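Student: okay, sequence plus prediction incoming.
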Amino acid sequence: MNPVSVAVLSGDPLSSAGVAAMLRPSPAVNLLPASRRAEADVLLLLTGEVTEETLGCLEKTARESENPAMRMVIVGDVAREQHLMRAVSSGVTSVIHRREATPERLLRAVIGARDGHAEMPGHAVAWLVEWVRAIQHDVLAPNGLTTSPLESREVEVIRLIAEGLETATIAERLNYSERTIKNIIHGAMSRLNLHNRAHTVAYALRAGVI
């Protein structure tokens, strides 16, 4: 696999130079100057504490990025829940405390960010879990939606298909007509390009909704 292109951004030139010195020896990393951060696979942002100014920098970088797959790693402290949510929305996948920023940890974080992995402190994970739960409970569920492309009514039917029930039994269980059940299944299969009922069940399993 090609080296991950990393740009280091910090208001402190000494900190930037120190982190660059940690990463430069690794053949898995291609260091870019901060002026070329729009090209980076991963932006490594060094800060004391995430502030409104920090978030503004992240959001501006995300808008100007030439790489749609660019991800960001923060080395610093996220003290506010709302700051973490905005950072994640801008492309941040990992947050590392400065005191834990060893060369090995930084290398793992930037390579992991490129490959779709995330690292977060325990309190940050708890915030994200609560955020997802609130969205599901307060926004999606009241509108018949889920966090997957499947609607809640479709999930309900597919779950019963996975239990081995026939169309007539599902209709009776859910108090729908058989035609409605068939339309629900056909709608999900057509929208998501699924081939048959078994494929639909497998999709729902992978999506984690049944």
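Tutor: Arrived safely.

Student: spell out the secondary structure type for the residue nearest in space to the middle of the chain.
Tutor: Nearest to the geometric centre of the chain sits residue 93, at 6.9 Å (CA atoms, centre = their mean). Here residue 93 is strand, with the state taken from DSSP: H, G, I helix; E, B strand; the rest coil.

Student: residues contacting it?
Tutor: For residue 93, the contact set (CB atoms under 8 Å, 6 or more residues apart in numbering) comprises 71, 72, 73, 112, 113, 116, 117, 118, 119. Backbone N, C-alpha and C define where each C-beta goes, glycine included.

Student: the third one should be in a strand, yeah?
Tutor: Spelled out, it's residue 73. Yes: according to three-state DSSP, residue 73 belongs to a strand.

Student: in the chain, which helix or strand is least confident?
Tutor: For the chain, the helix or strand with the lowest mean confidence is helix 122-135, at a mean of 82 (criterion: mean pLDDT, DSSP states H and E).

Student: can you spell out which helices and strands pack onto that helix?
Tutor: In this structure, helix 122-135 makes packing contacts with helix 81-90, judged by 3 or more CB pairs under 8 Å, 6 or more residues apart in numbering; DSSP states H and E.

Student: alpha carbons of the helix it packs on, as CSV, please.
Tutor: Extracted C-alpha coordinates of helix 81-90, given in CSV (Å, rounded to 0.1, in the frame of the first residue of the first chain):
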residue,chain,number,x,y,z
GLU,A,81,-19.2,17.5,23.8
GLN,A,82,-20.5,20.0,21.2
HIS,A,83,-16.9,20.5,20.0
LEU,A,84,-16.4,16.8,19.5
MET,A,85,-19.5,16.5,17.4
ARG,A,86,-18.4,19.4,15.1
ALA,A,87,-14.9,17.9,14.9
VAL,A,88,-16.3,14.5,13.8
SER,A,89,-18.6,16.2,11.3
SER,A,90,-15.5,17.9,9.8
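
Student: buried residues in that helix?
Tutor: 83, 84, 86, 87, 88, 90 (16 or more other CB atoms under 10 Å).

Student: stretch 1-10 too?
Tutor: For stretch 1-10, a neighbour-count test (16+ other CB under 10 Å) marks 4, 5, 6, 7, 8, 9, 10 as buried.

Student: quick check: phi and psi at the residue lying closest to the first one once chain neighbours are set aside.
Tutor: By that I understand residue 4. Nearest-residue entry for residue 4: residue 114, 4.3 Å, with adjacent residues in sequence omitted and distances by CB to CB, 6 or more residues apart in numbering. With angles defined as degrees, to the nearest 10, residue 114 sits at phi -60, psi -40.

Student: equivalent analysis for residue 96, please.
Tutor: Backbone dihedrals for residue 96, given as degrees, to the nearest 10, come out at phi -130, psi 130.
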